[in-house]
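**Student:** Task: produce atomic coordinates for the following.
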Amino acid sequence: MKFAAFVEYANEPERLAQLRPLHRAYLQDLLQQGRLVVAGPFADGSGALFVYEVANESEAAKLAANDPFAKAALFRAVVMKPWKLVFASPDNLNPPL
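**Tutor:** Numbering: from 1, shown residues only. Below you'll find the model as predicted:
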């Protein structure tokens, strides 16, 4: 089952930048395990969207809580909702190089 996490970042750009490599490595690991569907920050830098593929909301919450940003108290708020994929364009999901 998919769960979308809408995350608001703390207003600490220096700490976010410092921990970003660990955060991205964590997400890359989840992606390789098949537990992350998509992830990316909002264009204004205020937060991010993560879509997890897990058995239940509790497992999704654990993935969010184990993110290096969350462990460093850089997640100000997390809203988790079950999510259904109805349409997708693989061509539009390719990250920029």
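**Student:** hey, where'd the strands end up in this protein?
**Tutor:** In the chain, the strands defined using DSSP state E lie at 2-9, 36-41, 47-53, 75-83.
**Student:** Tell me which of the ones you listed sits nearest to Tyr26.
**Tutor:** The minimum distance between Tyr26 and these falls on strand 36-41, with 9.4 Å, by CB to CB. For glycine as for every other residue, the C-beta is placed from the backbone atoms N, C-alpha and C.
**Student:** Counting by contacts, list what that closest one packs against.
**Tutor:** helix 13-33, strand 47-53 (3 or more CB pairs under 8 Å, 6 or more residues apart in numbering; DSSP states H and E).
**Student:** How about that strand, which residues are buried there?
**Tutor:** Of the residues in strand 36-41, 36-37, 39 count as buried by neighbour count, 16 or more other CB atoms under 10 Å.
**Student:** returning to what we had before: output the helices and strands packed on strand 36-41 in TSV, with mean neighbour count and distance to Asn92 appended to each entry.
**Tutor:** As requested, the helices and strands packed on strand 36-41 are exported to TSV (neighbours: other CB atoms under 10 Å; distance: least, CB to CB, whole Å):
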stretch	mean neighbour count	distance to Asn92
helix 13-33	13	18
strand 47-53	19	15
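**Student:** Let's have the ones you listed in TSV, adding mean pLDDT and distance to Glu59.
**Tutor:** Converted to TSV, those look like this (pLDDT from 0 to 100; distance: least, CB to CB, whole Å):
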stretch	mean pLDDT	distance to Glu59
helix 13-33	97	11
strand 47-53	98	8
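**Student:** Among these, which comes closest to Ala5?
**Tutor:** With CB to CB as the yardstick, what comes closest out of the helices and strands packed on strand 36-41 is strand 47-53 (4.5 Å).
**Student:** in its sheet, what does that closest one sit against?
**Tutor:** strand 2-9 (antiparallel), strand 36-41 (antiparallel) (DSSP bridges).
**Student:** and the angle for the last one with helix 13-33?
**Tutor:** Right, the one you point to is strand 36-41. Counting by axes from the mean of the first three to the mean of the last three CA atoms, to 10 degrees, strand 36-41 points 160 degrees away from the direction of helix 13-33.
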